[in-house]
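Asker: fold the stuff below for me.
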Amino acid sequence: MSESVKTTRTSAASVQRLKLRRELAAAAMELFATKGYEATTVDEIAARAGVARRTFFRHFRSKEEAIFPDHDDTLVRAKAVLDAAPAHEHPLDTVCRGIKEVMRMYAASPAGSVERYKLTREVPALREREIASVARYERLFTRYLLGHFDETAHHDGTSDFDEPLMAEVAASAVVTAHNHVLRRWLRAGAKGDVEAQLDHAFAIVRRTFGTGFAAGHPSGLGVARPVESTDRGEVLVTVARTDAPLGEIMRSIQETLNRRGEHAER
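Answerer: The predicted structure follows:
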């Protein structure tokens, strides 16, 4: 069998897989809306989609996972953006392009995304699943930024200990900006130019966290050391209202980072 035929078959299988995952997700959403999340069973979701129970479990591990059918594929696409980044591009800009794959996922089905947003606000288990998905993107972007940390860009005594912290905070800022814009868009019924809003938010992030990372880092594109702050169990925490202006959220993150740096120096 030729390579082209194999590639075509693999592509067709991937398309069919995603199609079925979306059909299962649509069936789950319909049942959750009519019966309620707790009252809906996996068997009912499978039956509504016209497949067997075992088929459901080939695609999802639980009924709450079925609400987010595209995150696995979106994570792959986001990673592909990082892997194919031009050598001259600022790493933070690359990460911003990567997270746009998530926005495109939601924008591909505005009405369904709005309904999903409402549902996740009402069901704690779905909210936890959504938070877990966000954490996967943050880890991906943190590793990428850490691999592009530029010691020469800092003249303030930044230590090796601070590098993973700065990478983690910058990655978190990009994801926070994206999620802030996404929530506002969904609360508005998926109306408005979300792409322009996102670009404005990223400009704020770039101004605040754009230093310290270099394109074409000598360690190699996409090559990252372990994220020490995660291995040590350290977490940077900042608190802001979900409806707070993005500038206020960015200032809160920056102030927390500054306090962390002052504490490390003592």
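Asker: so who does the most centrally placed residue in the chain touch?
Answerer: Taking CA atoms, centre = their mean, the centroid of the chain lies closest to Y137, which sits 3.7 Å from it. Going by CB atoms under 8 Å, 6 or more residues apart in numbering, Y137 touches L75, A78, I99, V102, V175. C-beta: built from backbone N, CA, C; applies to glycine.
Asker: out of these, which is most surrounded?
Answerer: I99 (25 neighbours; other CB atoms under 10 Å).
Asker: contacting residues for that one?
Answerer: I99 is in contact with A78, Y137, F141, V174, V175, H178, counting by CB under 8 Å, 6+ apart.
Asker: just the CA coordinates for whichever strand or helix holds the residue nearest to the centre of the chain, please, in CSV.
Answerer: Element membership of Y137 [criterion: DSSP states H and E] is helix 124-146. Output in CSV follows, covering the C-alpha atoms of helix 124-146 (Å, rounded to 0.1, in the frame of the first residue of the first chain):
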residue,chain,number,x,y,z
PRO,A,124,-19.8,21.7,38.9
ALA,A,125,-18.5,18.5,37.3
LEU,A,126,-18.5,20.1,33.9
ARG,A,127,-16.8,23.2,35.3
GLU,A,128,-14.1,21.0,36.8
ARG,A,129,-13.6,19.3,33.4
GLU,A,130,-13.3,22.6,31.7
ILE,A,131,-10.7,23.8,34.3
ALA,A,132,-8.7,20.6,33.6
SER,A,133,-8.7,21.3,29.9
VAL,A,134,-7.5,24.8,30.5
ALA,A,135,-4.6,23.5,32.6
ARG,A,136,-3.4,21.3,29.7
TYR,A,137,-3.0,24.4,27.5
GLU,A,138,-1.2,26.3,30.2
ARG,A,139,1.3,23.4,30.7
LEU,A,140,1.9,23.3,26.9
PHE,A,141,2.6,27.0,26.7
THR,A,142,4.7,27.1,29.9
ARG,A,143,7.0,24.4,28.5
TYR,A,144,7.3,26.3,25.2
LEU,A,145,8.1,29.7,26.9
LEU,A,146,10.6,28.1,29.3
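Asker: please identify the buried residues of that helix?
Answerer: Judged by neighbour count using 16 or more other CB atoms under 10 Å, the buried positions of helix 124-146 are 126, 129-130, 133-134, 137-138, 140-146.
Asker: what does stretch 201-210 give?
Answerer: For stretch 201-210, burial by neighbour count (16+ other CB under 10 Å) applies to A201, F202, I204, V205, R206, T208, F209.
Asker: out of the contacts of I99, flag the one nearest to T41.
Answerer: Nearest to T41 among the contacts of I99: Y137, at 30.3 Å, using CB to CB.
Asker: now that closest one: how far from L20?
Answerer: Taking CB to CB, to the nearest Å as the measure, Y137 falls 24 Å from L20.
Asker: which of the buried residues of stretch 201-210 lies closest to E89?
Answerer: R206 (12.2 Å).
Asker: which residues of this protein fall in helices?
Answerer: Assigned by DSSP state H, the helices in the chain fall at 3-35, 42-49, 53-59, 71-83, 91-107, 110-122, 124-146, 162-187, 194-209, 228-231, 246-265.
Asker: leaving aside the residues next to it on the chain, what's closest to F209?
Answerer: Distances taken as CB to CB, 6 or more residues apart in numbering put A170 closest to F209, at 4.3 Å, once the chain neighbours are dropped.
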